[in-house]
Every structure is written in structure tokens, then in C-alpha cells.
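Sequence and predicted model, in that order:
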Amino acid sequence: MTELFPAFLLPALLAGLALAAVAGPLGCFVVWRRMAYFGETLAHAALLGVALSLSFALAPLPAVLFVCLAVALILVVLQGRFLADDTLLGILAQGSLALGLVIIALAAPGSGDPTAWLFGEILAVTRVDLGGIAAVAALVLTALAALWRPLLAVTVHEELAAVEGRPVKALRLALVLMLALVIAVAMKVVGVLLITALLTIPAAVARRLSRTPKGMALAASAVGILAVAGGLAASLRLDSPSGPSIVVAALGLFLLSLLVPQRA
Amino acid sequence: MSTPLLRLEQASLSLSGRLILDAVSLQVEAGRITTLIGPNGAGKTSLVKLALGLHRPTAGTVWRKPSLRIGYMPQKLQLDATLPLSVGDFLDLAGSVSPAQIAASLAETGVPELAKAPLHSLSGGELQRVLLARALLREPELLVLDEPVQGVDVLGQTELYRLIGELRNRHACGVLMISHDLHLVMAATDEVVCLDRHVCCHGHPDAVSQHPAYLELFGRSVADGLAVFTHHHDHVHDCAEPSHHHGHGHEHGHTHEQAREHHHD
């Protein structure tokens, strides 16, 4: 371990592993509910949250959460009105990303290159960051475990779940909140442009190996952890950017998984 | 007189400014099967959603017996292919149910061997029986079935209707179901409500099948076909009927044909 990962890399590695552990099961819901593009939109909007936090000297986490929830709300209000869903998502995603970049450049000219926000800078993860990431990962994993059956019921058939007494709207909101939380802390690790990959690729790989929803959630965690460890190790050896290296590692696992026959 | 479970009084529903249901009144009682029939777009599924409380009426009232236990069988299950789910796991989502209850429910709907089968692998008829098993897990006083025989071959349809009748007897529950089918359902129901945004006519199946409003809606030729073909017949061809030549009847006959095509998909 020390050979592969020197001590200075430890906070980065632990942060990545914690993130992968929670992104696996959460990503399964994203894939099952076909929310990948929705997750992407929230991730792009997160940069606007960063811009707000830089402009008004707010803590980044609440600012990002606020913007993500605002975007989710706008989406609910405008959905199905006059634009197709994917068009609306595209406008919100690209619009908030561009707005975020402009505001950052104007309001915080000293903040320099926005690349770190876009593609992550895991090596800059501090112990404080690590604490935040670990806390969010633990919180969301606990919530997922506690709400597992209701969330799955709503995912399989919303109206049937509603007739059976599940609080459908509250569960949907809980899922958006969890997604916003994970995106907010994932930004530092893989950046806003690559977060969705960490949610969807491990889940897609896990699908090929699993027969049950729980099995798929656990497998997705494992795949994500492998991708983070592999990507970071490669990044260290090749001096490649860490966020993209993690996603490339996940992509490699996905290609490998295509060799495995699909399970029922 | 049996216990009323559900009562709609002059219930109307508008969705995005469009009138879907117009002053519909109907009552479902314990131990009785009430069947909704009507052409596509008649508002049958919307009426079911009103009954279930998934929609609120824009006018009129929907009354349900206090703390009524409802077992609901939705029209279709669009399960994403990426979600690996066995029949047993699917039934487990109904609430706090034991594996024994799940096994009993599957046995009751005639598919005890499917507990471990992946949901994606089921045939149309098997899936309908699994959905019915999930509705039964609620120990329902009222079963609400949205096109329970959808995607089932004609022989299987008769069997399913018979099963629904048995379940009604065994559980003494009321049944509200939607059917596209005009002849098979006649034998399996106590009350037919013929719907085309408003209630065109209702009553005992024999009476409804001769009612002018029913004949208007589905075309006289179909009703004649019903009288001739006492049991199911794959193609009740409206086109061969002379009554088809006047325009109005043609229009309705055509609607009905579309309904049939949809049904046999």
C-alpha cells in the first residue's frame, strides 16, 4: 500500500474511496430511474453554487446544495410545459455551468484556473475536506439503507407504491437531496464534468454481475472503489490528471465487464 | 344489501384544462365485481386513479370507506432493464410481508413456481398473475384492476377472469376493474359501467349489452356479434356487417377495432 500510495496521497485516496462507496448505490438509483441526465444537470449547476459561495463568502456546501435544490425545483415547475425534458435539462445544465464560470471570473478574479472545479483536484483534498466527504458518505449511505425498500418500491412503480401508502413525493425529494449532497462533495474529487461518470459507470458494470438490487448496489460500490484506487495509482505513475484517470479506470472496468455475459 | 366500499358522486376531473371525466357517479360494494368498459380515451384509467386517490376530483366527491384496504393492479409495469428483480423481491416491496405470505399469494394466483424467477423473464400472463399476487398481499377489501387480462392470450383471459371471480368469493372483496373486452367480461361481472367521459349506461351485463347508449358507443354490429358468438371469437368483423354503411356507426366501429388491435398487441 505504501509502495503504491505514498503518505501524502492518503487523504486523497480515502476521500475517493468514501465517495466511490456511496456513489455506487446512489448511482444504481440514478440508472434504474433513468436520472443520469438529471444528475448531470445538478452537477453542472453545482458550479453555480461554487460561484455564489466565492461571491458572497459562503461555505461551499450549503451554497451548492441551495443551487442544486433550486434547479431541481425549476425543473419540476417547468417540466412538460413547452419543452422536451432533455432540452430543458440541457438548458439548465449548460446555462448554470456557463453562468457559474462567468461569475467566478468576475467576482473572484484571483481564483485562477477553473479547471480544478471542472475536472477535480483530488490531490488538493485536505483533512478538513476528507472529514466533510466522509461525513456526507456516511450520512447518505445510512439514509439509503434506512429508506432502501420504500425507495425501491417507488422506483419500480410510483403509483403502486403510492396506493400502498409510500410517501412518494418525500422519497423523490430525499433522492434529490442525497444526489445534491454527493455531488457537492464529489466536485473536489472528480469535478463537475465527470461526477455523473462516477454514479453511472460503476452501476452499469455492477448490473452485469448482479441478480438482485442489493447485490448490484454493493457491486457498484466495489467497482467504484477499484476505479478510484486504480485511477489514482495510474495518475501517480503516469503523472496524468487524477479525476479523468479515475473515470478512465472506471471506463476500463466497464469495457471488461462487457466480456461477462449479462445476468438475468 | 352489501357494504359500500367506494362511491363517486358527480365526480369530474380536468387535467391541464381538458375535461377527462364528466359528473361520474358509481358505487362499488363488497363481494361484487364492477367492470368499466369504454373506448380508448374514455377516461377509464383516470376514473380508477380517482378511485385510488391518485387524482382529486375537480368537482363532485369521491368517498372511500374509512381506512379501506385497496389492492391495486396497475395497467403495466415498466421496469428498467438495468434493475435486476426477482418475483419474490418484487412482492416483498408491498410492505411488511413474510416469505410465507408471498408464497401463499403466488400459490393463490396459480404461479407458485415463479418466486425466484426474474421479473424480466415472465410471459404476459405470468406477469399479470404476479401483479395480482402483489395486490392480494395487501389483504384487500377492494381490488382495483386496470386491464387485468392485458397481454394475455384469449384462453388465458377466460382463466384470469375466472380466477378474479374466485378471489372475490374467497376474500369477499369488492372488485373494480377495467376491461377492453366486451364479451369475455360479461360472464365475470355483476355490474357493467359503460364509460365515455360520462356514464353512458350501467347495470347488469345483459341489460347493458342491449342498452341503446351501449349500442351507440360500440356499434350495433358488435352487440349482434356478441349474441351470435357466445364464446370468444378472434375476429368479430364489423366490416362484414351491413349496419356499417351509415357513417356514424362506422366511426364507432372503427374506434372499437382500434381498441381490439391495441388489446391483442
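All right, it came through fine.

Show me the helices in chain A, by range?
A:10-32, A:36-56, A:60-78, A:85-107, A:115-119, A:127-146, A:148-156, A:158-163, A:168-190, A:195-209, A:213-238, A:242-257 (DSSP state H).

Would you reformat these as a markdown table and include mean pLDDT?
Output for the helices of chain A, formatted as a markdown table (pLDDT from 0 to 100):
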| stretch | mean pLDDT |
| --- | --- |
| helix A:10-32 | 95 |
| helix A:36-56 | 92 |
| helix A:60-78 | 87 |
| helix A:85-107 | 91 |
| helix A:115-119 | 85 |
| helix A:127-146 | 94 |
| helix A:148-156 | 97 |
| helix A:158-163 | 95 |
| helix A:168-190 | 91 |
| helix A:195-209 | 95 |
| helix A:213-238 | 96 |
| helix A:242-257 | 95 |
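
So what's the residue count around B:Arg32?
Neighbour count for B:Arg32, taken as other Cβ atoms under 10 Å in any protein chain shown: 18. For the C-beta atoms, the positions are set from N, CA and C on the backbone; glycine is no exception.

One more: A:Gly230?
Other residues lying near A:Gly230 total 17 when counted by other Cβ under 10 Å.

contacting residues for it?
Neighbouring residues of A:Gly230 by Cβ atoms under 8 Å, 6 or more residues apart in numbering or on different chains: A:Ile246, A:Ala249, A:Gly252, A:Leu253.

out of those, who's nearest chain B?
A:Leu253 (16.3 Å; Cβ to the nearest Cβ).

From A:Arg207, how far off is the closest one?
A:Leu253 is 12 Å from A:Arg207, where distance means Cβ to Cβ, to the nearest Å.

So for these two, which sits in the more crowded spot?
Per other Cβ under 10 Å, whichever of A:Leu253 and A:Arg207 has more neighbours is A:Arg207, with 22 against 19.

what does the stretch 101-250 of chain B put close to chain A?
Contacts of the stretch 101-250 of chain B with chain A, taken as Cβ under 8 Å from any Cβ of the partner chain, map to B:Pro118, B:His120, B:Ser121, B:Arg134, B:Arg138, B:Val144.

A strand includes the fifth one, no?
Spelled out, that is B:Arg138. No. Counting by DSSP: H, G, I helix; E, B strand; the rest coil, one finds B:Arg138 to be coil, located in no strand.

And for it, nearest residue in space, chain neighbours not counted?
B:Gly71 (4.4 Å; Cβ to Cβ, 6 or more residues apart in numbering or on different chains).

ok, that neighbour - contacts?
Counted by Cβ under 8 Å, 6+ apart, B:Gly71 has contacts B:Arg134, B:Ala135, B:Leu136, B:Leu137, B:Arg138, B:Glu139, B:Pro140, B:Leu142, B:Leu143, B:Val144, B:Cys173.

can you pull the buried residues of stretch B:93-105?
Using 16 or more other Cβ atoms under 10 Å in any protein chain shown as the test for burial, stretch B:93-105 gives B:Leu93, B:Ala94, B:Val97, B:Gln101, B:Ile102, B:Ser105.

Next, find the distance separating the last one from chain A.
I take that to be B:Ser105. 14 Å (Cβ to the nearest Cβ, to the nearest Å).

residues near residue 75, how many?
Went with chain A since none was named. A:Leu75: 18 surrounding residues under other Cβ under 10 Å.

actually chain B
Using other Cβ under 10 Å, B:Gln75 has 15 neighbouring residues.

Next, it: secondary structure please.
coil.

Test my guess that it contacts B:Asp146.
Yes. Look at B:Gln75 against B:Asp146 with Cβ atoms under 8 Å: they come within range, at 4.1 Å.

Common neighbours of those two, please.
Counting by Cβ under 8 Å, 6+ apart, the shared contacts of B:Gln75 and B:Asp146 are B:Thr45, B:Ile178.

Residue in the stretch 1-150 of chain A with the shortest distance to chain B?
A:Trp32 (4.6 Å).

which ones are touching that residue?
A:Thr155, A:Pro213, B:Asp80, B:Thr82, B:Leu83.

Of those - the most surrounded one?
Tallying neighbours with other Cβ under 10 Å puts A:Pro213 at the head of these, with 24 neighbours.

Not counting its neighbours along the chain, what's nearest it?
Using Cβ to Cβ, 6+ apart, the closest residue to A:Pro213 is A:Leu152 (5.9 Å).

picking that back up, can you tell me which of the contacts of A:Gly230 is closest to A:Val50?
For these, the minimum distance to A:Val50 (Cβ to Cβ) is 20.1 Å, reached by A:Ile246.

Run through the stretch 151-265 of chain B and note the low-pLDDT ranges.
In the predicted model of the stretch 151-265 of chain B, residues B:181, B:219-265 satisfy pLDDT under 70.
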